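Student: The sequence and its predicted three-dimensional model are supplied below.
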Amino acid sequence: MGRRRRREPVPDRGLCVLLLPAKLERAPARERAEELLGAPGVVAVEPGAVGYGATSRLPGLLRERIAAGQARRMALPGHPRIVVVFDAAQYPLARALLAEHPEAELWYGCSGEGDLHEAALARAALRFGGDSDAPAGERNRPLWERMEALGVESGRLGSERAPQPG
């Protein structure tokens, strides 16, 4: 039986976890992701050493086991309320994170095809696309509004002005 590492206490703050499809500087949705990352309640998770492309070609059970292990080991600075994926290949890790944090909801950028795309579409509480010429801030406005409604500080719509306890 493997040893479990003892985790430090997790701060009591809601998080929006962006699962980036590639390193930020190469991510297809870079402008949108960078704008979201300006919020105090948003954190990014870049792909592991074995990227989404490689794991998406693995047999389903193996892919799910790898994703479950990654989700269990992920040390986040708060409690996920939102897990954002930009591509269907990220869905297995998102699903594993949602299993670890059942109070969180999935947001999906609707990029991909096949079974993972269909599963992500079915599970997503919010769907967004990237095919607009509008600035990232304008495209992200519905995301900011939902983020605030879920108790994740956006720094955009008033949460930064909320009264602080004590």
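Tutor: Received the coordinates, thanks.

Student: show me where the protein has strands.
Tutor: Applying DSSP state E to the chain gives strands spanning 14-19, 42-45, 79-85, 105-108, 126-127.

Student: For residue 78, which residues are in contact?
Tutor: 10, 11, 12, 13, 14, 15, 41, 43 (CB atoms under 8 Å, 6 or more residues apart in numbering). Using the backbone N, CA and C atoms, a C-beta is placed for each residue, glycine as well.

Student: hmm, 6 Å instead?
Tutor: Going by CB atoms under 6 Å, 6 or more residues apart in numbering, residue 78 touches 11, 13, 15.

Student: picking that back up, how about the strands of the chain in TSV, adding distance to residue 33, mean neighbour count and mean pLDDT?
Tutor: Shown next, in TSV, are the strands of the chain (distance: least, CB to CB, whole Å; neighbours: other CB atoms under 10 Å; pLDDT from 0 to 100):
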stretch	distance to residue 33	mean neighbour count	mean pLDDT
strand 14-19	6	23	96
strand 42-45	7	18	94
strand 79-85	9	24	97
strand 105-108	12	22	97
strand 126-127	16	14	96
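
Student: returning to what we had before: tabulate the contacts of residue 78 (CSV), appending distance to residue 90.
Tutor: CSV is the format used below for the contacts of residue 78 (distance: CB to CB, whole Å):
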residue, distance to residue 90
11, 25
13, 23
15, 17
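
Student: Just give me the closest of the residues you listed to residue 89.
Tutor: residue 15 (22.1 Å; CB to CB).

Student: partners of that closest one in the sheet?
Tutor: Applying DSSP bridges to residue 15 yields these beta-bridge partners: residue 80.

Student: circling back: may I see the strands of the chain arranged in a markdown table, with distance to residue 139 as well?
Tutor: Below are those laid out as a markdown table (distance: least, CB to CB, whole Å):
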| stretch | distance to residue 139 |
| --- | --- |
| strand 14-19 | 15 |
| strand 42-45 | 15 |
| strand 79-85 | 13 |
| strand 105-108 | 13 |
| strand 126-127 | 13 |
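
Student: how far away is residue 106 from residue 133?
Tutor: 26 Å (CB to CB, to the nearest Å).

Student: circling back: among the strands of the chain, which comes closest to residue 151?
Tutor: Counting by CB to CB, residue 151 lies closest to strand 14-19 out of the strands of the chain; the figure is 4.4 Å.

Student: Can you get me a residue count around residue 142?
Tutor: By the measure other CB atoms under 10 Å, the count of residues near residue 142 is 11.

Student: ok, the nearest residue to residue 125 once chain neighbours are set aside to residue 22 distance?
Tutor: Of all residues not flanking residue 125 in the chain, residue 105 sits nearest, at 3.8 Å (CB to CB, 6 or more residues apart in numbering). Distance of residue 105 to residue 22, computed by CB to CB: 24 Å.
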